[in-house]
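Q: below are the sequence and a predicted model; questions follow.
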Amino acid sequence: MLFSSRMPACGHSGLLPRHRLVRTIAAYTAFLLCITPASAGPWADRVVFGLLDGAPVYEPGVGQPLTFGPFSNDPLWNDPQAAIGKPNTLDYDDLDGWGTVPGGFAGGPMRRINLVWSAWQYGSNNPDDLGQRPGWLDGRRKNGLGLGPGAQIVLEFDEPIEDNPDDAGAYHWGVDFIVHGNAAFTADRIIAADTSMDAALLTGGLIAEPIEVSVAQNITGPWYTFVRTADDLFPTQPWAWDAGNWTGEEQDWLKPVDPSLDMADFAAITAADAIDLYAGSAGGTPFDLADLEDAPNLGWVRYVRLRDPLGTQGEICGVVDVPPGPPVGCNPADIADPRGVLDLADIAAFLAAFTAGDPAADLADPVGVLDLADIAAFLAAFDGGCP
């Protein structure tokens, strides 16, 4: 069907230039983002320190708040709040030199994080930053939290993490949540921003520092601990690789890697083959509540506690709740990942669809025509927010 941007104006039909429509959408949705409270979506909503709902909470037998150091000595990895929200997809390329930019000092250009070159420098979630040198200390996000010996962090979810059925097939294999750390597969060469994933051969090793993962329904416990550790299999892989190139598409953050895979499956294969084994997942260590040996029938949890039992400074970059099936939008404006949260990704997707004449932007009558009614429908849905 042919789509157009025809609209009624002053009692007659005429063409409204698309650039004016785009500016209208962008300006108003930017305003909505300013006045709409931020939501973490499927990601952990907050760090629990020493207060919860105004009441003090402490680690039993320790007498200190639930989140405490020592954290990393590196200022890039010492902020517990960096574990909230989706992990970064880019960070500074520390192999590509340093220099100045107008008004300040810059690191290397922003490059893609991948399963053989994990994050370290300041990072970003904005794909437009790829290749840019925006300035090293310009407010780009830290990548996560480094735990020191004896430290721990407790994360809270507003919506409980449910125990997904184990018979749901290959979307989640019964996995209930995913923990992203800073692990990386070892390869046969130094990895740079332009390294081909088809050429890099995995050597059977993994750079990882085990993180103990426990869960609870109530902040006072009881806590139940998994045998599986985080900051381990499977390293974060934000981007899709196909036919010898990065496609520019993000992998699915809500889909776990098949938890039956182990290190043997990643021995002597290329990084591209490893990405294929992820089957569209963005990686991270998968956890299934049914695997808890001391609480096999725990139906849901709200709190996730992470500790570094070996004092090897494991890193935590994010924890995400896995939905019971493939993600769907919460309303007509929720047209881009992550589903369940309305953000700039949805705005960009709508703008792209509208300017391209894509039926995905056709949200209102008359069907087959892209006009102000579709813009109004998008804005109304966006303003309504996700439940």
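A: Structure received.
Q: burial count for the nearest residue to Gly97 once chain neighbours are set aside?
A: Excluding the flanking residues, the one nearest Gly97 by Cβ to Cβ, 6 or more residues apart in numbering is Gly108, at 5.9 Å. Where you see a C-beta, it was placed from the backbone N, CA and C, and this is true even at glycine. Look at Gly108: counted by other Cβ atoms under 10 Å, it has 18 neighbours.
Q: next up, the contacts around Gly108.
A: When contacts are counted by Cβ atoms under 8 Å, 6 or more residues apart in numbering, Gly108 touches Tyr92, Asp93, Asp94, Leu95, Asp96, Gly97, Trp98, Gln121, Arg133.
Q: same check, this time on Leu202
A: Counting by Cβ under 8 Å, 6+ apart, Leu202 makes contact with Val116, Phe185, Thr186, Ala187, Asp188, Phe266, Ala267, Ala268, Ile269, Thr270, Ala271, Ala274.
Q: show me the beta-bridge partners of it.
A: Leu202 has these beta-bridge partners by DSSP bridges: Ala187.
Q: buried subset of the contacts of Gly108?
A: Buried members of the contacts of Gly108, scored by 16 or more other Cβ atoms under 10 Å, are Tyr92, Asp93, Gln121, Arg133.
Q: and the residues you listed as a markdown table, adding pLDDT?
A: Formatted as a markdown table, these follow (pLDDT from 0 to 100):
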| residue | pLDDT |
| --- | --- |
| Tyr92 | 88 |
| Asp93 | 88 |
| Gln121 | 86 |
| Arg133 | 84 |
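Q: and those, which two are furthest apart?
A: Gln121 and Arg133 (11.9 Å; Cβ to Cβ).
Q: return the distance of Thr285 relative to Asn164.
A: The gap separating Thr285 from Asn164 is 16 Å, by Cβ to Cβ, to the nearest Å.
Q: using CSV, write out every CA atom in the biggest strand by length in the chain.
A: Taking DSSP state E as the criterion, the chain has its longest strand at strand 152-162. The C-alpha coordinates for strand 152-162 follow below in CSV (Å, rounded to 0.1, in the frame of the first residue of the first chain):
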residue,chain,number,x,y,z
GLN,A,152,28.2,-6.6,48.1
ILE,A,153,25.4,-4.8,46.2
VAL,A,154,21.6,-5.4,46.6
LEU,A,155,19.3,-4.5,43.7
GLU,A,156,15.6,-4.2,43.9
PHE,A,157,12.9,-4.7,41.2
ASP,A,158,9.6,-2.9,41.4
GLU,A,159,8.0,-5.8,39.5
PRO,A,160,8.9,-9.2,40.9
ILE,A,161,11.0,-11.5,38.8
GLU,A,162,8.7,-14.5,38.1
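Q: what about stretch 44-64, start to end distance?
A: End-to-end span of stretch 44-64 (Cα to Cα, to the nearest Å): 22 Å.
Q: show me what contacts Pro345?
A: One thing to correct before we go on: residue 345 is Ala, not Pro. If you count contacts by Cβ under 8 Å, 6+ apart, Ala345 has them with Ala336, Asp337, Pro338.
Q: which SS state does it fall under?
A: What DSSP: H, G, I helix; E, B strand; the rest coil gives for Ala345 is helix.
Q: residues in contact with stretch 46-59?
A: With contact meaning Cβ under 8 Å, 6+ apart, stretch 46-59 is reached by 40, 64-68, 80-81, 83-84, 152-156, 219-220, 303.
Q: ok, now with 6 Å
A: Here stretch 46-59 makes contact (Cβ atoms under 6 Å, 6 or more residues apart in numbering) with Pro65, Leu66, Thr67, Pro80, Val154, Glu156, Ile219.
Q: so for the chain, the centremost residue is which one?
A: Nearest to the geometric centre of the chain sits Lys86, at 2.8 Å (Cα atoms, centre = their mean).
Q: quick one, strands of the stretch 201-350 of the chain?
A: Using DSSP state E, counting those that start in this stretch, the strands of the stretch 201-350 of the chain run over 202-207, 212-216, 224-225, 239-242, 245-250, 285-287, 300-307, 315-316, 318-321.
Q: relative to the whole chain's centre, how far out is the third one?
A: What it means is strand 224-225. Chain-centre distance of strand 224-225: 24 Å, with Cα atoms, centre = their mean, to the nearest Å.
Q: likewise for the longest one?
A: The gap between the average C-alpha position of strand 300-307 and the chain average comes to 18 Å, counting by Cα atoms, centre = their mean.
Q: what residues sit buried inside that strand?
A: Val301, Arg302, Tyr303, Val304, Arg305, Leu306, Arg307.
Q: report the two of these separated the most.
A: Pairwise distances across those peak at 18.0 Å for Arg302 and Arg307 (criterion: Cβ to Cβ).
Q: show me the contacts for the residue nearest to Asp91 when sequence neighbours are not counted.
A: Nearest residue to Asp91, sequence neighbours excluded (Cβ to Cβ, 6+ apart): Gly123, at 3.7 Å. By Cβ under 6 Å, 6+ apart, the residues touching Gly123 are Asn88, Leu90, Asp91, Arg141, Asn143.
Q: do Ala183 as well
A: Counting by Cβ under 6 Å, 6+ apart, Ala183 touches Ala208, Asp231, Asp232, Pro235.
Q: can you check the pLDDT for it?
A: pLDDT recorded at Ala183 is 97.
Q: and it, how far is that from Thr270?
A: Remark: distance between Ala183 and Thr270 (Cβ to Cβ) = 18 Å.
Q: do the same with Asp258
A: 18 Å.
Q: give me the more crowded residue out of those two.
A: Per other Cβ under 10 Å, whichever of Asp258 and Thr270 has more neighbours is Thr270, with 19 against 16.
Q: who's the more buried one bridged to?
A: Beta-bridge pairing for Thr270 (DSSP bridges): Leu201.
Q: what does Leu90 give?
A: Judged by DSSP bridges, the bridge partners of Leu90 are Arg112, Ser124.
Q: now do it, the pLDDT please.
A: Predicted confidence (pLDDT) for Leu90: 95.
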